[in-house]
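Colleague: Make a model of this:
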Amino acid sequence: MKKVLQLLKTIVYLKKEQIFFRLYYFFRRKFRTNLQWNYPLTIQSKSSLLSFQPSIHSYTSYQDLNFTFLNKSHTFSLRIDWNFSEYGKLWTYNLCYFDFLHQTSISQEEGITLIHNFIDQAALHKDALEPFPISLRGINWIKFLSLHHISDPIIDDSLFSQYHILLDNLEYHLLGNHLLENGFSLLFGAYYYQNESFYSAAKTILLSELEEQILSDGAHFELSPMYHQIMLFRVLDCINLVKNNPWKTHELLLPLEKKASLMLGWLTTITYKDGSIPLLNDSAKGIAPTSANLFEYARLLEISPLIQPLTKSGYRKIVTENYECVLDVGNIGPDYIPGHAHSDTFNFELHIMGKPFIVDTGISTYESNQLRQIERSTASHNTVMIDNKEQSDVWGGFRVADRAKIIHLSESQSTIEATHDGYLKIGALHTRRFSFDSKHIKIEDTVQSKNSYPSVAYLHCHPDTIVNINDNTILINDVTVTCQNHSSLALNTYNYAPEFNTLIPATVIECTFQKTLSMEITL
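Modeller: Take a look at the predicted model:
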C-alpha cells in the first residue's frame, strides 16, 4: 500500500500529455507487436553535406575496439555488441551515441568502419533504436559526415530511417531534456535531408521547449549544472548549423542566439574560478563539455553572455576575495520532471581561495539501486535532516513523490533566509539563514515544531582536506568551524563521487541538535 501511495504522489505531478503519451505508446507497442510490425531499417534518401565552424571535441572514449564510458572499459574481440549491457543501460546508451567520432584521435576510416558495423547489425539493435540515442547519434553522424565530406548512401538511408523512428516516438511522455534532444537532432536531420516534416517538428519543439526549459536567469530548469552545459552545447551546435547553412534562411537563428546568450550568462555566474561547476543534483565531471570549452565555442560563434541575477533557478552565489559559496534556496526543479533532482534543499558548496572545501557528494551511478538512493538522499548533502526523515521522497532512481517547497525567502546584500515545508509530515518547518562577510559565513538553522526532534546538519568536506574536532570547534585545514547549541559533533566517512563509477573516501561532519543550531565558518 505504501508503494502505491508513493506512486500516486509521484503521478499527480505529471502533465496530462505525459500520461497520454505513456498510455498511447504502451498500447501502440502492444498492438504493433501483435501484428509483428517493425520499422524499416533503411529508407531511400537524398542528403546534402553541411558546413560547420569547428565545434568542441569529445572526450577520448575509443581506441582499437576498446570503449571507455563512465570510467568503465570494455574491449570487444572481433564484433562489437551494440547491445552490450553488462555495465548498465547508460553505458550502452553512450556506446550508441557515437560521441567518439569527434575525439581528436579517431580517423575518418575508423569512423566509417564503426558506423557501417553499427548499420550491419541494425536488425539486432535494442536500446540503440530508442529515441534518445537516435537523437544524439544523428547529430554525431551528420557532423562527422559533413566534416569529412563523406557521401555514403548506405549511411544516409540508415540514418533517414532512424529519423523516421525518432519522429514517430518523440519523448513527450518524458519531456525535459529528452524532448529537447529530440528537437535538436531533428533540426540537424531536417537540414541534412532538407526534410519539411523533420523541420516542422524541430521548430515546434525548440521554440516551445526552450521557452519552457530556460529560466529567466538563464538556468536549464532541471537545475543540474552538468545538464545545463550539455543543453548549451546543443544550442550552440544548432546555431552553428543554422548560421552556416542557407536552407530556411536562418529562420531560427535569432531565438537560438537569445537563449544561448542567456544560458552563457548563467554558466558564467555559476562556474567557479577554477573552471569547475557545482556538482548539484545529477552533475558529474567528464560528461559535458567544460565551461571553458563552451565559452570559447560561443566566442567563435560570436555569442556573448547575458548575465542576469540568479533568481528563478533557486541558486545563489556569493563571491568575495577569499571564497565562493553556491547555495540552493529553491524548489527541487520542474514538478513534472524531477528525475535529476535530489533531496537537497538548502544545500551549499564552498570554495576557499580557489579550491573546493565543502562539496556536494556528487553522483556515481544512474542505476536504480541503493547507491543512487543514498547519493540522492538528504544525508548526502550539506543541509539538515530532521528525525531521520527525507526532505523530499526521492525513489526509483529518477522519481520523487512528496517534495519540499520553499514557503519563505528573504534576501539582503549580506543575508539569505528561507524556509521549506519538507518536514510538515512530522509537523516541522526548517528555516536556514546564511550571513556572509569577507572572512565569515554564518549558518543558522531553526526547526519550528511542537515536538523536539533529533536533527543533524551535515558538512561534506573535500577529500583533500584534513578535519579534526576540538571541543566545540572543527578544524578543516586552517579554517575554523564553531558550533553552538548542538548536542554532539561527530566525524564519519562518506564516498565523494566527482565522476561516474568513482568513489573517494572523505570526511563528513555531523552536528546533532534539537531546535536551533548556529555554525560559523571563519577563514
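
Colleague: Just the CA atoms of stretch 377-392, as PDB, please.
Modeller: This file holds the C-alpha atoms of stretch 377-392, laid out as PDB (Å, rounded to 0.1, in the frame of the first residue of the first chain):
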ATOM      1  CA  SER A 377      19.300  11.500  -0.100                       C
ATOM      2  CA  THR A 378      19.200  14.400   2.300                       C
ATOM      3  CA  ALA A 379      22.100  13.000   4.300                       C
ATOM      4  CA  SER A 380      24.300  13.100   1.300                       C
ATOM      5  CA  HIS A 381      24.000  16.900   1.100                       C
ATOM      6  CA  ASN A 382      25.100  19.900   3.200                       C
ATOM      7  CA  THR A 383      21.800  20.500   4.800                       C
ATOM      8  CA  VAL A 384      19.600  19.300   7.700                       C
ATOM      9  CA  MET A 385      17.800  16.000   8.200                       C
ATOM     10  CA  ILE A 386      15.100  16.000  10.900                       C
ATOM     11  CA  ASP A 387      14.000  12.900  12.700                       C
ATOM     12  CA  ASN A 388      15.900  10.700  10.200                       C
ATOM     13  CA  LYS A 389      13.300  11.700   7.500                       C
ATOM     14  CA  GLU A 390      13.900  12.800   4.000                       C
ATOM     15  CA  GLN A 391      13.100  16.300   2.900                       C
ATOM     16  CA  SER A 392      11.800  15.000  -0.400                       C
END
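
Colleague: centre of the chain versus that stretch, how much separation?
Modeller: Centroid separation for stretch 377-392 versus its chain: 21 Å, with Cα atoms, centre = their mean, to the nearest Å.

Colleague: Buried residues, stretch 102-110. List them.
Modeller: By 16 or more other Cβ atoms under 10 Å, the buried positions in stretch 102-110 come out as 102, 106. Placement of C-beta: from N, CA and C, glycine included.

Colleague: For residue 212, see how far away residue 221 is.
Modeller: In this view, residue 221 and residue 212 are 7 Å apart by Cβ to Cβ, to the nearest Å.

Colleague: tell me the pLDDT at the residue nearest to residue 13 when sequence neighbours are not counted?
Modeller: Spatial nearest neighbour of residue 13, excluding adjacent residues (Cβ to Cβ, 6 or more residues apart in numbering): residue 335 at 4.4 Å. In this prediction, residue 335 carries a pLDDT score of 94.

Colleague: roughly how far apart are residue 335 and residue 372?
Modeller: For residue 335, the distance to residue 372 (Cβ to Cβ) stands at 21 Å.

Colleague: Scan the helices and strands of this structure for the one with the lowest mean pLDDT.
Modeller: helix 2-11 (a mean of 87; mean pLDDT, DSSP states H and E).

Colleague: quick one: which helix or strand includes the spatially most central residue of the chain?
Modeller: For the chain, residue 227 is the residue whose C-alpha lies nearest the centre (Cα atoms, centre = their mean; 3.3 Å). Secondary structure assignment for residue 227, by DSSP states H and E: helix 225-243.

Colleague: what packs against that helix?
Modeller: Here helix 225-243 touches helix 131-147, helix 176-193, helix 196-213, helix 253-270, helix 291-300, going by 3 or more Cβ pairs under 8 Å, 6 or more residues apart in numbering; DSSP states H and E.

Colleague: Quick one: mean pLDDT over the third one.
Modeller: So the one you mean is helix 196-213. On average, helix 196-213 scores 98.

Colleague: quick one, phi psi at residue 175?
Modeller: phi 60, psi -160 (degrees, to the nearest 10).

Colleague: Show the model's pLDDT score for it.
Modeller: 96.

Colleague: quick one: it and residue 343, what's the gap?
Modeller: 22 Å.

Colleague: of the two, who's got more company?
Modeller: Using other Cβ atoms under 10 Å, the more surrounded residue of residue 175 and residue 343 is residue 343, with 24 against 20.

Colleague: Assess the claim that that one and residue 401 are in contact.
Modeller: No: using Cβ atoms under 8 Å as the test, residue 343 is too far from residue 401 to be in contact (10.9 Å).

Colleague: Now for the two: what residues contact both?
Modeller: Common neighbours of residue 343 and residue 401, using Cβ atoms under 8 Å, 6 or more residues apart in numbering, are residue 393.

Colleague: measure residue 453 to residue 512 for me?
Modeller: Where residue 512 is concerned, residue 453 sits at a distance of 11 Å (Cβ to Cβ).

Colleague: more neighbours, these two?
Modeller: Neighbour tally, residue 453 and residue 512, criterion other Cβ under 10 Å: the higher count belongs to residue 453, 18 against 15.

Colleague: As a markdown table, the helices and strands packed on helix 225-243 with distance to residue 122 and mean neighbour count would be great.
Modeller: Shown next, in a markdown table, are these (distance: least, Cβ to Cβ, whole Å; neighbours: other Cβ atoms under 10 Å):
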| stretch | distance to residue 122 | mean neighbour count |
| --- | --- | --- |
| helix 131-147 | 12 | 23 |
| helix 176-193 | 17 | 25 |
| helix 196-213 | 20 | 18 |
| helix 253-270 | 32 | 21 |
| helix 291-300 | 33 | 18 |
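
Colleague: Out of those, the one nearest residue 438 is which?
Modeller: When those are compared by Cβ to Cβ, helix 253-270 sits nearest residue 438, at 19.6 Å.

Colleague: That closest one - what's its average pLDDT?
Modeller: 98.

Colleague: Begin at 793 from now on, thanks
Modeller: I'll keep to 793 as the first residue from here, and by that count the last item is helix 1045-1062.

Colleague: Go ahead and name everything in contact with that helix.
Modeller: So helix 1045-1062 is contacted by 998-999, 1002, 1006, 1009-1012, 1017, 1020-1021, 1023-1024, 1027-1028, 1030-1031, 1034-1035, 1069-1070, 1083, 1086-1087, 1090, 1093, 1095-1100, 1102, 1105, 1107, 1109, 1118 (Cβ under 8 Å, 6+ apart).

Colleague: Now which of the residues you listed would you call buried?
Modeller: 998, 1002, 1006, 1009-1012, 1017, 1020-1021, 1023-1024, 1027-1028, 1030-1031, 1034-1035, 1069-1070, 1083, 1086-1087, 1090, 1093, 1095, 1097-1100, 1102, 1105, 1107, 1118.

Colleague: Test my guess that residue 1311 contacts residue 1281.
Modeller: No: Residue 1311 lies out of contact with residue 1281 (Cβ under 8 Å); the separation is 10.3 Å.

Colleague: Between the two, which is the more surrounded one?
Modeller: For residue 1311 and residue 1281, the more surrounded residue by other Cβ under 10 Å is residue 1311, and the numbers stand at 21 against 17.

Colleague: quick one: the more buried one and residue 1202, what's the gap?
Modeller: The value you get for residue 1311 to residue 1202, if Cβ to Cβ is used, is 20 Å.

Colleague: do residue 1308 as well
Modeller: Taken as Cβ to Cβ, the span from residue 1308 to residue 1202 is 18 Å.

Colleague: neighbour-wise, which of these two wins?
Modeller: residue 1308 (15 against 11).

Colleague: Break down the stretch 793-942 of the chain into its strands, ranges please.
Modeller: 854-855, 858-861, 864-867 (DSSP state E, counting those that start in this stretch).

Colleague: So what are the sheet partners of the first one and their directions?
Modeller: So the one you mean is strand 854-855. Under the criterion DSSP bridges, strand 854-855 sits next to strand 858-861 (antiparallel) in its sheet.

Colleague: Just the buried residues of the strand it pairs with, please?
Modeller: For strand 858-861, by 16+ other Cβ under 10 Å, it's 859-861.

Colleague: Now tabulate the helices and strands packed on helix 1017-1035 in a markdown table and tack on distance to residue 1293.
Modeller: Below are the helices and strands packed on helix 1017-1035 laid out as a markdown table (distance: least, Cβ to Cβ, whole Å):
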| stretch | distance to residue 1293 |
| --- | --- |
| helix 923-939 | 20 |
| helix 968-985 | 22 |
| helix 988-1005 | 28 |
| helix 1045-1062 | 25 |
| helix 1083-1092 | 23 |
